[in-house]
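Asks: The sequence isn't on hand, but the structure is:
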């Protein structure tokens, strides 16, 4: 048994037997359900279910290798824009292979030979001497083993110091430590040449350590105190006398360094590794090259900096216990149950009314097994009082006497209940008296009012791999589990009371919930068993990628929370979803049987395009135009064209409002006028093989509220509402990474030359930021984008945008009359909205290469998609649609340090005259568009069978979308045209797999 220093919530019980016949039953009854069988709603109980070194940049290195290295760089820089990102969040320029000239190959060979002859330098080694000799060191936390670095390698003053996975190639993890006075040291970062600094010379506890230009003050001078005769050191600020430590004694990457009162704790102890950064080896046996230095900014802007106030969700305690803290919500059915009436991914009525819960998984090693055997303590903290809770783990799909085919979508080897955790806090795990803990009540009762907090917390202990004949649980085992939930209280008062929950998969001996897919379907011992998704399918990295759509609901796959959402963010996420689905005219929810949000009724202005977010973003997907209909589900940007900008249209301002609201007896006319898609001008073309195709350019007409024709604005841009997934991850991509992508595209053989969009900071008009969101990247943050949408699409004001856009122009009189310049939404409303958008999970790749696939048709599709991915790369589509990016620090812990696959560089590109409109935004000209991410693209047709593509929805198919590419996309389009019909099909099937 090990005692915890800190606890987040409670613990409880379990019976390690198949309870299909023996578990105490809630009063309302239950039964086993096999594949295709359904329980009656009246019964309402969940089914029974189970990785030559050089002194970098030394004069000898530069003299010897400048010419060959520069020659090699000149070639391989052509490939960088599609390179995967490195650990720092910067895309390495050496990582993507391209055809090179013979001279370049000789240069590369010369570099390789020279590299092999260079004497090696030893890796950093911990010192144990006192006093510390001046030199170059890597500073590592003695608690976590992680190395201290400047966050994301930023050169900006004020950037915090954080801990991250040690990487000897990263210059930002090395410090030049120099003694400036007796016993006083300056810690200067090798990458940024700035010094560790206590902000404003503060003497307060919990002040985050930053980097700053060296000023010689005591705030930048430290004493390095060796602890006894060990190789550990305290780092004490000369000015404050306080010690440096890791915030919250956290072991997770990204945790910041703070100053705090000195104590004899590991979180305030560090190793000093003397040595030099190591070179980076290319893929395969290519030559060794130094990592690139920080890229100079291409424009004037301030990088986004995020606070460190998020509690860790995946961490290791001092005693070695692994902790994962996630959230869950209620569900209608089981994960593998195909949709009939109710479904797994739907949001049942009242889902935001305390129907969520927090889950903590404590993962302990069994003593004497070298960590190979594990014990899991699963703690569940509901938002509501429950009774008769089912805890199913170890999916089997069939009993030993059943045929090999799956006979149940919800058959688990252990269908035990849970135990109550007194006080709601797991002070130690495993729990010493687990067997003696009391049971979760097995019948309904009248609960106390309000959320239970620590008064009602459940716990389950798992010691066996239940789907392997109950053998001891081992490191690496996948443990699938799900909950069956009954809400205590009067159903007539609380509404529906019986629910299921998500099927979560955890890998023993590691952090985090695993994205899973079903194993082979037939002829194996455990059909449909959960397997870990391969890396290529993890669109949003291991934390933010959803599991496979096992319930045949592709149209709901863009609506789900990440399975690794922090437990403390689950209920706010559900309430954020409610906001997205609420009409700001009536307060009514878009899904029936949910309570009216009366607090938000009547907040929409008299002129609007829609009153709910989801009225444009149906299913969190994109909107599409319809011939002959007003474009009230699209954004219509208007104005009077000028030299490099536009003035507001005298009639309608900068957005055209054209919506109506008719629901539950309400009949509101929010139109200023209507822009109608009158049809298309057809433009014929032909592939290289002679096959013809037709492109269609949209034609528009403007009419007033009475249907009479009006002159079109001279500046006009029609834009579909884009899908909402992955937005928080894009916000978390460091600006330096985008700078590298833009720099790598300079001199591109296809003429690709992306650039950053720069926009005003919504909170500080005097500051500029890198734009990321919208078709021309006109918003820098999700907070700004959400506030824009509320105002310009729904006529709802917020703290960032308290004045109504619809009050502009002669048709905005009704809005002007009610425009008080005050916010209808609070900062909390905007925070909930951005939290919801940030933490939406991203669907995994479909049709990934799976050698286990036994269906010949499915296997053929997988191989075709694999070929399509190769063709996508060969056509150099990936020059702009960059396959991989890496996130950095973010306010939400769930988004940090993930390798993601959005297929976008987030840069502006000139797409030629055919895709140009007449509207400009920031630096973006009428011909420039931000590269749209492609993740989730293949699900668009499932959400809307009439979906259309590109910024204005002109493309009826993905083929048409490719063929419209001009300007910097011309060469890639021409390669697509030159492909055979079979190759074109493969490339499009690849796009559909995203």
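Replies: It's in. The structure displayed is predicted, hence computed values, not measured ones. Residues are numbered from 1 along each chain as shown.
Asks: okay, now residue 860: neighbour count?
Replies: The number of residues packed near residue 860 is 12, by other C-beta atoms under 10 Å. Yep, even glycine has a C-beta here, placed from its N, CA and C like the rest.
Asks: Surely it is within a helix?
Replies: Yes: assessed with DSSP: H, G, I helix; E, B strand; the rest coil, residue 860 lies in a helix.
Asks: can you tell me how far it sits from residue 867?
Replies: Computed as C-beta to C-beta, to the nearest Å, the residue 860 to residue 867 distance reads 11 Å.
Asks: Next: residue 973.
Replies: 19 Å.
Asks: Also residue 908?
Replies: Taken as C-beta to C-beta, the span from residue 908 to residue 867 is 31 Å.
Asks: Leaving out chain neighbours, which residue sits closest to residue 196?
Replies: residue 187 (4.1 Å; C-beta to C-beta, 6 or more residues apart in numbering).
Asks: Am I right that that neighbour is in a strand?
Replies: Yes: under three-state DSSP, residue 187 sits within a strand.
Asks: What's the local residue count around it?
Replies: Counted with other C-beta under 10 Å, residue 187 comes out at 24.
Asks: between residue 908 and residue 867, who's got more neighbours?
Replies: residue 908 (27 against 17).
Asks: per the record, what domains does the protein have?
Replies: If you go by automatic domain parsing, the domain ranges for the chain are 2-50+311-532, 59-119, 125-274, 592-742+760-838, 856-992.
Asks: The last one - what's its average pLDDT?
Replies: Per-region confidence: domain 856-992 scores 95 on mean pLDDT.
Asks: just to revisit the earlier point, my guess is the residue nearest to residue 196 meets residue 179, correct?
Replies: No: with contact defined as C-beta atoms under 8 Å, residue 187 does not count as touching residue 179 (11.2 Å).
Asks: Identify the contacts common to those two.
Replies: Counting by C-beta atoms under 8 Å, 6 or more residues apart in numbering, residue 187 and residue 179 have no common neighbour.
Asks: any weak-confidence spans in the stretch 1-150 of the chain?
Replies: Along the stretch 1-150 of the chain, segments meeting pLDDT under 70 span 1-122.
Asks: hmm, 90 instead?
Replies: Where the stretch 1-150 of the chain drops to pLDDT under 90, the residues are 1-124.
Asks: Mind putting the domains of the chain into TSV with distance to residue 539?
Replies: Listed next are those as TSV, based on distance: least, C-beta to C-beta, whole Å:
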stretch	distance to residue 539
domain 2-50+311-532	9
domain 59-119	14
domain 125-274	21
domain 592-742+760-838	8
domain 856-992	5
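Asks: Among these, which comes closest to residue 844?
Replies: Closest approach to residue 844 among the domains of the chain is made by domain 2-50+311-532 (5.9 Å; C-beta to C-beta).
Asks: What are the boundaries of the helices in the stretch 51-200 of the chain?
Replies: 59-76, 102-117 (DSSP state H, counting those that start in this stretch).
Asks: and the residue positioned nearest the centre of the chain, what is it in contact with?
Replies: By C-alpha atoms, centre = their mean, the mean C-alpha position of the chain lies nearest to residue 729, the distance being 3.9 Å. Counting by C-beta under 8 Å, 6+ apart, residue 729 touches 540, 541, 544, 842, 887, 895, 898, 900, 902.
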